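# Sequence and predicted structure, then a few things I'm wondering about:
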Amino acid sequence: MSDLQPLTITRKRPMKLNTLVTLMVCGVIGSVLLVIFALYFMQITKATRDGVKDTALAIARTLADSPDVKRGLLLPAEKSQIQPLADAVTQRNDLLFAVVTNMQGVRFSHPDNTLLGKPFIGDDLKPALEGKENVAINHGVLAEALRVFTPVYDNAHQQIGVVAIGISLNKVDEQIGRGRWDVIWTVLFSALMGSLGIWGVVHLLKRVLFGLEPYEISALFEQRQAMLQSLKEGVIAVDSQGHVTMINHAARQILLLPMNNTNEPRHVPMLASLRRVSQTGQALQDQEIDCNGRLLLCNTFPVKSQNAVIGAICTFRDKTEIRQLMQRLDGMVSYVDALRTHSHEFMNKLHVILGLLHMKRYDKLEEYIIQTAQNYQTDIGAIQRKIKSPVIAGFLLGKMNRAKEAGITLTLADECLVPDTPNTEQVTVLITVLGNLIENALDAMSDNAEGEIGLLMHYQNGWLSCEISDDGPGIDPARLEHIFTKGYSTKGENRGVGLFLARQQLGELGGEIAVESEPGVFTQFFVQIPWDSERKIA
């Protein structure tokens, strides 16, 4: 095994953006220019040949209509005056030859005088002898040429001969070559302009993409997506038109939960905040939004590009969950504080017992121990027998100590019996509800030093029933129906959340809360909450 070499994976480096764009655009432009060059060259060749043919035909027809040619064909070839005329036409139009023949194909003109009176060479003369114009490329006694034939008619419209015009193919190729160079220069100029355009496009793309390569952008996108989806906070973004452009898994779980009220879109409040921020450009921080029956803590910020608002992004967390954790922590803290208080009291009691022992006051010592045991049975012992959940027991001990410090008595009824439960959500909600109700009672009786709060909790058939009563000032009947409304309070601003939260959390578990009150006499709350007990109550 020691001889095995470690496996190394090498990944091919992706091509850079400027190289990729340059090759792609150059390939496209090169292909287009090549096709254009081929088509243009074919058209130039055809147009040049057609132009030369039309010129030759025009010269031939003009010569065929000449009276001197018609008269000359009626005379013998040696006495005809066609030769000087044909030579003049040949030189004037830079032709290879201008030949006139009779109906037997005998030449009446030719650049070589020794060939006068001899037959024309080439089968391409035959169609013209039959009265048909003809164009052909052939090789006679001179060089290879483009040859045009047209018949000659006398005044009685009887054919008496043929005019043949020849243009050297070398001159035709020269004209085509000149046109070809025009095409080449055009293609080169187009390639130069295309290269400048490619350079501009590449630099513009690099500027728009902040100098990043495509593979770097894809890697950053994947990292951002992984980061967004791993967040426990919900994240949602909209564009300048208010359309959702991005939403992570946590946001979907929070926003797409079932709602009790199906008439209202479940994410309207949050989208309204996002649209407002995208329009105004002003951030909204630590905003509480009721969405899907949950209280969300939202922070919404505008998204800007070059000092222009292009959208908004909102991060949010379920405040209900945060409140539950805080309340559970408060219960544990209250439990610890209660134990710490009783620990100090126990140390004081030990010092009293030690002092009575030194003084040998055994009668007082017995009386003190009996009283201490009774107090223990009344307070801690009674709570532990009735309340099996240590978290709720600690919570109630803390509330009892707080009530005692305020001069108010918090009494736990003898009939109380609360089994423990493995459902931490039920425990959290119960602490939330009892904590709000007890605190409200303590606030209401802050001016009554001898007030009393009674608490009765009883479990039966999977339900825990609670009654919290006080002999405080009571609640005005006109206000009684509004006390569970969020923000409604008679104690000042930024209040009125406790009862709203208690009723909301009870509703999520399927529980309920009700209240009865008589001003100046009493206030009593009735709470029912599902309770998953692990123990059987006899």
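That came through, no problem. Residues are numbered from 1 along each chain as shown.
# quick one: Gly507 and Ala382, what's the gap?
32 Å (CB to CB, to the nearest Å). Placement of C-beta: from N, CA and C, glycine included.
# residue contacts, the closest residue to Leu284 other than its chain neighbours?
Once flanking residues are discounted, Leu284 sits nearest to Thr300: 4.5 Å by CB to CB, 6 or more residues apart in numbering. Neighbour list for Thr300: Ser273, Leu274, Val277, Ala283, Leu284, Gln285, Gln287, Ala312, Ile313, Cys314 [criterion: CB atoms under 8 Å, 6 or more residues apart in numbering].
# Mind putting those into TSV with pLDDT?
Conversion of the contacts of Thr300 to TSV gives the following (pLDDT from 0 to 100):
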residue	pLDDT
Ser273	81
Leu274	82
Val277	84
Ala283	86
Leu284	85
Gln285	83
Gln287	80
Ala312	90
Ile313	88
Cys314	88
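# which one of these is nearest His351?
Comparing the contacts of Thr300 against His351 with CB to CB places Gln285 closest, at 53.5 Å.
# which residue packs closest to the closest one, ignoring adjacent ones?
Gln285 sits nearest to Asn299 (CB to CB, 6+ apart), 5.1 Å away.
# Could you report the neighbour count for Asp290?
By the criterion of other CB atoms under 10 Å, Asp290 has 13 neighbours.
# Tell me if I am right that it is in a strand.
Yes: checked against DSSP: H, G, I helix; E, B strand; the rest coil, Asp290 lies within a strand.
# how about the helices in the stretch 101-250 of the chain?
126-129, 169-208, 214-230, 249-255 (DSSP state H, counting those that start in this stretch).
# Would you tell me which of the ones you listed gets closest to Ala60?
Nearest of the helices of the stretch 101-250 of the chain (CB to CB): helix 126-129, 9.5 Å.
# quick one on the thing from earlier: need the contact list for the residue nearest to Gln285.
Ala283, Leu284, Gln285, Asp286, Gln287, Cys314, Thr315, Phe316 are the contacts of Asn299 under CB under 8 Å, 6+ apart.
# Would you point out the most distant pair within these?
Farthest pair in those, by CB to CB: Ala283 and Phe316, 13.7 Å.
# of the two, who's got more company?
Just comparing Ala283 and Phe316: by other CB under 10 Å the higher neighbour count belongs to Phe316, 25 against 12.
# So which bits of the helix or strand that the more buried one is a member of are buried?
Phe316 is part of strand 308-318, with elements assigned from DSSP states H and E. Across strand 308-318, burial judged by 16 or more other CB atoms under 10 Å covers Val309, Gly311, Ala312, Ile313, Cys314, Thr315, Phe316, Arg317, Asp318.
# mind checking pLDDT for Cys466?
Cys466 is assigned 92 on the pLDDT scale.
# Then it would be within a strand, right?
Yes: looking at Cys466 with three-state DSSP, it is inside a strand.
# Isn't it up against Leu455?
Yes: the criterion here is CB atoms under 8 Å, and Cys466 meets it with Leu455 at 7.3 Å.
# which residues are common contacts for these two?
Leu434.
# all strands of the chain, in order?
97-102, 134-139, 144-153, 159-168, 234-239, 244-247, 284-291, 294-305, 308-318, 409-412, 452-460, 463-470, 512-518, 522-530 (DSSP state E).
# Direction included, what does the second one pair against?
Which is strand 134-139. Strand 134-139 pairs in its sheet with strand 144-153 (antiparallel), by DSSP bridges.
# Identify the bridge partners of Gln460.
Residues in beta-bridge contact with Gln460 (DSSP bridges): Trp463.
# okay, now it: neighbour count?
Neighbours of Gln460 using other CB under 10 Å come to 11.
# ok, back up a step: same list, the contacts of Asn299, but as a markdown table with distance to Thr186 please.
Formatted as a markdown table, the contacts of Asn299 follow (distance: CB to CB, whole Å):
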| residue | distance to Thr186 |
| --- | --- |
| Ala283 | 58 |
| Leu284 | 61 |
| Gln285 | 63 |
| Asp286 | 67 |
| Gln287 | 65 |
| Cys314 | 57 |
| Thr315 | 59 |
| Phe316 | 62 |
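# Check the residues you listed against Tyr368 and report the nearest one.
Once CB to CB is applied, the member of these that ends up nearest Tyr368 is Asp286, at 54.2 Å.
# what's the spacing between the closest one and Arg317?
When Asp286 is compared with Arg317 (using CB to CB), they lie 11 Å apart.
# same deal with Leu39?
67 Å.
# Also Pro76?
In terms of CB to CB, Pro76 sits 120 Å off from Arg317.
# before we move on, the earlier item: from the contacts of Asn299, which is closest to His139?
Cys314 (88.2 Å).
# mind checking how far that closest one is from Asn307?
For Cys314, the distance to Asn307 - CB to CB - is 21 Å.
# Also Asp420?
Counting by CB to CB - Asp420 and Asn307 are separated by 60 Å.
# who's more crowded, those two?
The neighbour count for Asp420 versus Asn307, taken as other CB under 10 Å, is higher for Asp420 (17 against 6).
# Identify the residue nearest the more buried one in space, chain neighbours excluded?
Asp420 sits nearest to Lys388 (CB to CB, 6+ apart), 4.2 Å away.
# What backbone torsions are found at the one you found?
phi -90, psi -20 (degrees, to the nearest 10).
# picking up where we left off before, kindly indicate which of the buried residues of strand 308-318 lies nearest Ala251.
For the buried residues of strand 308-318, the nearest to Ala251 is Phe316 (7.5 Å; CB to CB).
# Let me know the closest of the buried residues of strand 308-318 to Leu34.
Using CB to CB, those come closest to Leu34 at Gly311, 45.5 Å.
# surely the closest one meets Val238?
Yes: counting by CB under 8 Å, Val238 is a contact partner of Gly311 at 5.5 Å.
# list the residues that contact both of the two?
Thr245, Ser278.
# before we move on, back to that, which one of the buried residues of strand 308-318 is nearest to Cys291?
The closest of the buried residues of strand 308-318, once distances to Cys291 are taken by CB to CB, is Phe316, at 8.3 Å.
# so the closest one touches Leu295, yeah?
No: the pair Phe316 / Leu295 is not scored as a contact, 10.3 Å apart, by CB under 8 Å.
# So what angle separates the directions of the strand holding Phe316 and strand 234-239?
160 degrees (axes from the mean of the first three to the mean of the last three CA atoms, to 10 degrees).
# Give the other helices and strands that strand 308-318 contacts.
Contacts defined by 3 or more CB pairs under 8 Å, 6 or more residues apart in numbering; DSSP states H and E place strand 308-318 against strand 234-239, helix 249-255, helix 268-280, strand 294-305.
# so what's Ala413 up against?
Gly454, Leu455, Leu456, Met457.
# okay, which residue is most central for the protein?
Nearest to the geometric centre of the chain sits Thr245, at 5.0 Å (CA atoms, centre = their mean).
# related to what we said a few turns ago, the contacts of Thr300 into JSON lines, with extra columns for distance to Ile408?
Compiled in JSON lines, those are given as follows (distance: CB to CB, whole Å):
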{"residue": "Ser273", "distance to Ile408": "42"}
{"residue": "Leu274", "distance to Ile408": "47"}
{"residue": "Val277", "distance to Ile408": "47"}
{"residue": "Ala283", "distance to Ile408": "44"}
{"residue": "Leu284", "distance to Ile408": "41"}
{"residue": "Gln285", "distance to Ile408": "39"}
{"residue": "Gln287", "distance to Ile408": "37"}
{"residue": "Ala312", "distance to Ile408": "49"}
{"residue": "Ile313", "distance to Ile408": "49"}
{"residue": "Cys314", "distance to Ile408": "44"}
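# Ends of stretch 289-297, what's the gap?
The straight-line separation of the ends of stretch 289-297 (CA to CA, to the nearest Å) is 7 Å.
# Likewise for stretch 87-100?
11 Å.
# what residues are up against Gln287?
Ser273, Leu297, Cys298, Asn299, Thr300.
# Kindly provide the distance from the residue nearest to Leu356 when sequence neighbours are not counted to Ile353.
Among residues not flanking Leu356 along the chain, Leu365 sits closest, at 4.1 Å (CB to CB, 6+ apart). Note on Leu365: its distance to Ile353, by CB to CB, is 6 Å.
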